[in-house]
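Visitor: Curious how this folds, go ahead:
(one chain, ligands or ions: 1)
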Amino acid sequence: MGWWLEEAGDVESLPPLSTSLDADVVVIGGGYTGMWTAWHVLQADPSARVVLLESGLCGHGPSGRNGGFCESLWLAAHSLQERFGAAPARALLDAASRSVTQIGEWCEENGVDTWFRQSGYICVSTAPAFDDAGRASVRAAAELGAPEAVQELSAEQVRARCDSPVFRGGVFVPDFATLQPARLALGLRAKLLERGVRIFERSRVSGLGGDRGGVVARTDEGGSVRASAAVLALGPRTRAVDGLSSRLTVTSSHIVMTEPVPDVLEDVGWTGGECITDGRLLLHYFRTTRDGRIVLGWGGGRLACGARVNGRVEVDPDVARQVAADLEWMFPGVRGRRVTHAWGGPIDVSPSHIPQIGSFSDAPVHYAFGFTGNGVGPTQLAGRTLASLALDRRDELTRLPIVGADAGAWVPPEPLAWLGGAAVRSAIMRVEAAKERGEQPDPLSAAAAAAPRALGMHLAR
Ligand SMILES: Cc1cc2nc3c(=O)[nH]c(=O)nc-3n(C[C@H](O)[C@H](O)[C@H](O)COP(=O)(O)OP(=O)(O)OC[C@H]3O[C@@H](n4cnc5c(N)ncnc54)[C@H](O)[C@@H]3O)c2cc1C
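Guide: Okay, the predicted model is just below:
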């Protein structure tokens, strides 16, 4: 289940829905996206009747078990600029940046201690072949009039913040924060209940019908909600939704966590709270915790295929072993110290690498998904936007260029997506391992690793 949920403490499951209800907005899915939507619907219209239906326990999917990097979109500045043009990209970047700040303010105002700490993020190179990672976003930020948003760091500057022997130069994005993800998810759940949102857990929605006049969501247990609008906030489960399934693929990510090692953090000078990734496509991400642990994750886990997309991809032992070995490679000081926890979860990946927010044309059903392993900050932006859409309001959020944008490319059905994705994943692993060793990747692997790009998919930000 992951250490974060353990640390945040048990919650008692809320009763499932077994009757018929009326509401203004029915939110389906109790991760960050769904819960932020419910929160912002009430912010915009305190009298709105909001029902939230969650198939398991709110916040016990990816939202409660992620790495806790609370991100803006500045590292993707170049691709947003290329895709949407300068002014729309800047509007989106500023809105995403505000989300990080607003999450911190929400915690403060609501007395929810999520360990929120806005100490910035470093994308660091670990081999000459990765030295360019992040540099395009430095250039784009400058072109977009915000040179302070993404800054280049020399190897000395990186190692002054975190002195791993494998670190070279990097880029710094000051507006990222870290937080304890399960505390945020469960804090949101508690605050929604206080504000009168009717939350039903163990209530999987298996049918959604409707027309322009409204929607009816039906649960496995025979409950139903008739509402003026519905919001689909299903995370990786969106892959099972007709009309959306070809717009995302599902992979997985795995995390290991050490026992408290404050002495190791002191030794490497990593006491400033920065979150860090390397510059690979299948990236390593790492951060510290309030009690001095190192959390190291890897975004290159196996692909989840069809039925295995259950929101509960537990740890893959091979991957966890590899991630633990990578941890020692980056931080030799942890050798001999205990890795106390390892866990994983599914990732909803957009072909464009950019979250997708939109609405169906034949019924008031709105959705957000495709956070591509970077949803902790952007789900708050999605929640604010979905609240406006669900209340049929048009504002600066609904005009953001990600709203209604296409997926960037088409994802084939299973098992084709799984077979193709698995081949590409293996090829990228071989290419990146060769680059790390300073060798030329073999041409076949290089070609397979480049195939998604040829199909219009963006594997990197
Ligand atoms: C190991 C790991 C590490 C990660 N690290 C980071 C990180 O450091 N930073 C970052 O920004 N992002 C990270 N992510 C990604 C981040 O967790 C997600 O982008 C984010 O949680 C998405 O939130 P969500 O609400 O859209 O989806 P989810 O959290 O998946 O929530 C969807 C909810 O919908 C429910 N649901 C699904 N189907 C139904 C149905 N039919 N009826 C009712 N309910 C349903 C599910 O049970 C689930 O609770 C990581 C993810 C993983 C797995």
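
Visitor: I276: neighbouring residues, count only.
Guide: Taking other CB atoms under 10 Å as the neighbour definition, I276 ends up with a count of 24. Any C-beta I mention is one placed from the backbone N, CA and C, and that applies to glycine too.

Visitor: do the same with H353
Guide: H353 - counted by other CB under 10 Å - has 21 other residues nearby.

Visitor: now do the one 4 residues further on
Guide: Other residues within reach of I357 by the criterion other CB under 10 Å amount to 25.

Visitor: Name the helix or strand for the closest residue to it other than its chain neighbours, please.
Guide: In space, I357 comes closest to A368 once its chain neighbours are excluded; the distance is 4.5 Å by CB to CB, 6 or more residues apart in numbering. Element membership for A368, per DSSP states H and E: strand 365-369.

Visitor: Which pLDDT value goes with the residue of the stretch 1-150 of the chain found nearest the ligand?
Guide: Closest to the ligand within the stretch 1-150 of the chain is G31: 2.1 Å, counting by CB to the nearest ligand atom. Looking at G31, its pLDDT is 98.

Visitor: How about the one 10 residues further on?
Guide: Reported pLDDT at V41 in the predicted model: 98.

Visitor: Phi and psi next, for V215.
Guide: phi -140, psi 160 (degrees, to the nearest 10).

Visitor: Go ahead and confirm I28 touches M35.
Guide: No: counting by CB atoms under 8 Å, I28 stays clear of M35, with 11.9 Å between them.

Visitor: Compare these two (neighbour count), which wins?
Guide: The neighbour comparison of I28 against M35 (other CB under 10 Å) goes to M35, with 31 against 28.

Visitor: How about the contacts made by the more buried one?
Guide: When contacts are counted by CB atoms under 8 Å, 6 or more residues apart in numbering, M35 touches 27, 52, 58-59, 63, 185, 188-189, 192, 383.

Visitor: Narrow those residues to those in helices?
Guide: Among those, the members falling in helices (DSSP state H) are 185, 188-189, 192, 383.

Visitor: Return the member of the residues you listed nearest to the ligand.
Guide: Nearest to the ligand among these, counting by CB to the nearest ligand atom, is A185 at 7.7 Å.

Visitor: Now the closest one. Nearest residue, chain neighbours left out?
Guide: Nearest residue to A185, sequence neighbours excluded (CB to CB, 6+ apart): G59, at 2.7 Å.

Visitor: who touches the one you found in this structure?
Guide: Taking CB under 8 Å, 6+ apart as the test, what G59 contacts is 5, 30-32, 35, 182, 185-186, 188-189.

Visitor: Widest-spaced pair of those?
Guide: Largest separation among the contacts of G59 by CB to CB: L5 and M35, giving 15.2 Å.

Visitor: correct me, but M429 touches W298?
Guide: No: with contact defined as CB under 8 Å, M429 does not count as touching W298 (10.4 Å).

Visitor: The two: which is more packed in?
Guide: Using other CB under 10 Å, the more surrounded residue of M429 and W298 is W298, with 24 against 17.

Visitor: backbone phi and psi for the nearest residue to that one once chain neighbours are set aside, please?
Guide: Distances taken as CB to CB, 6+ apart place V323 nearest to W298, at 4.8 Å, with adjacent residues excluded. Taking degrees, to the nearest 10, you get phi -60, psi -40 for the backbone angles of V323.

Visitor: What is the burial count for V323?
Guide: Applying other CB under 10 Å, we find 24 residues neighbouring V323.

Visitor: Same question for the one 4 residues further on.
Guide: A count of neighbours around L327, defined by other CB under 10 Å, yields 24.

Visitor: which residues of the stretch 251-400 of the chain fall in helices?
Guide: Secondary structure of the stretch 251-400 of the chain (DSSP state H, counting those that start in this stretch): helices located at 262-268, 317-330, 378-390.

Visitor: looking at those, which is buried most?
Guide: Compared across those, helix 378-390 shows the largest average neighbour count, a mean of 28 (mean count of other CB atoms under 10 Å).

Visitor: returning to that earlier point: list the pairing partners of the strand holding A368 within its sheet, with orientation.
Guide: Sheet pairing of strand 365-369 (DSSP bridges) gives strand 224-232 (parallel), strand 356-359 (antiparallel).

Visitor: Quick one: these as CSV, columns for distance to V261 and mean pLDDT too.
Guide: Formatted as CSV, these follow (distance: least, CB to CB, whole Å; pLDDT from 0 to 100):
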stretch, distance to V261, mean pLDDT
strand 224-232, 41, 98
strand 356-359, 39, 97
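
Visitor: Any chance of CSV for those, columns distance to A417?
Guide: Formatted as CSV, the strands paired with strand 365-369 follow (distance: least, CB to CB, whole Å):
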stretch, distance to A417
strand 224-232, 20
strand 356-359, 16
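
Visitor: from those, which stretch is densest packed?
Guide: By mean count of other CB under 10 Å, these have strand 224-232 as the most buried, with a mean of 24.

Visitor: then it to CSV, C-alphas only?
Guide: C-alpha atoms of strand 224-232 as CSV (Å, rounded to 0.1, in the frame of the first residue of the first chain):
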residue,chain,number,x,y,z
SER,A,224,-27.7,5.6,-8.9
VAL,A,225,-27.1,9.4,-9.1
ARG,A,226,-29.1,11.6,-11.4
ALA,A,227,-27.2,14.9,-11.9
SER,A,228,-27.0,18.0,-14.2
ALA,A,229,-23.3,17.1,-14.9
ALA,A,230,-20.8,14.3,-14.4
VAL,A,231,-17.0,14.5,-14.0
LEU,A,232,-14.9,11.5,-14.9
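
Visitor: That one to helix 378-390, inter-axis angle?
Guide: When axes from the mean of the first three to the mean of the last three CA atoms, to 10 degrees is applied, the directions of strand 224-232 and helix 378-390 differ by 120 degrees.
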